[in-house]
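S.K.: From the sequence below, what's the structure:
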Amino acid sequence: MATENHSRDMHTRIFHKLLQVVPDLLTIEEYGKSEVEGYMDLNLDVLNRTPSKIVIALSHYYKHPSGDMIPDPDMVVVVYPDKEQAEALSYQDLYSFREVYGPAAQADTNAKRSLNDFLNAWLRNLAQQGHRINSPKVANAQMSPGTFKTPGDMAELMS
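M.R.: Below is the predicted model:
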């Protein structure tokens with residue numbers, strides 16, 4: 001019971017830290033990006049959205065000398081807006097890939113604890129670094145005319 005309460009508390013903390021970094025999380029449709037000078041860009045992709053959950057990928061990438069983009073890290077996170085909870089599903093970097101729920105859909109409790117601890121600390125660091133991802137529509141409304149920040153900006157202008 002204590003472990004279940006700890007997990008629920010952790011999932012709630014992750015949810016609220018995620019909202020600090022991604023204030024438009026509940027309405028963002030496809031993607032977002034945060035650029036903070038001196039830090040790696042933070043990318044967000046909405047992978048799936050249903051009425052009860054949102055699955056996102058959060059990532060930093062760096063360009064390897066070979067030209068390949070390397071995740072450092074790339075995490076998949078599930079968000080339960082109605083419960084105000086979120087949890088890590090997977091983690092990947094240059095050296096490893098870990099997932100909480102394997103093919104049998106049974107949770108690897110060590111991976112679950114480890115990945116959620118990492119996600120909680122990473123989100124705290126991202127917030128302290130000043131990362132914020134807003135909906136591209138909000139960001140585009142604040143851009144000066146003729147400035148394009150995303151591939152969709154040009155298409156939106158042309159329509």
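
S.K.: Where does pLDDT dip in this structure?
M.R.: Under the criterion pLDDT under 70, the flagged ranges of the chain are 1-7, 137-159.

S.K.: now do 50
M.R.: The chain contains residues with pLDDT under 50 at 1-2, 138-159.

S.K.: tell me the strands in it, going along the chain?
M.R.: 31-34, 42-49, 54-63, 69-80, 85-92, 97-99 (DSSP state E).

S.K.: now the angle between strand 85-92 and the fourth one, please.
M.R.: With axes from the mean of the first three to the mean of the last three Cα atoms, to 10 degrees defining the directions, strand 69-80 sits at 160 degrees from strand 85-92.

S.K.: Give the buried residues for strand 69-80.
M.R.: Using 16 or more other Cβ atoms under 10 Å as the test for burial, strand 69-80 gives Pro71, Pro73, Asp74, Met75, Val76, Val77, Val78, Val79. Yep, even glycine has a C-beta here, placed from its N, CA and C like the rest.

S.K.: So which residue is dead centre in the protein?
M.R.: The centroid of the chain falls nearest to Leu58 when counting by Cα atoms, centre = their mean (2.9 Å).

S.K.: so what's it up against?
M.R.: Leu42, Asn43, Leu44, Asp74, Met75, Val77 (Cβ atoms under 8 Å, 6 or more residues apart in numbering).

S.K.: again, but for Phe97
M.R.: Contacts for Phe97 (Cβ under 8 Å, 6+ apart) come out as Ser90, Tyr91.
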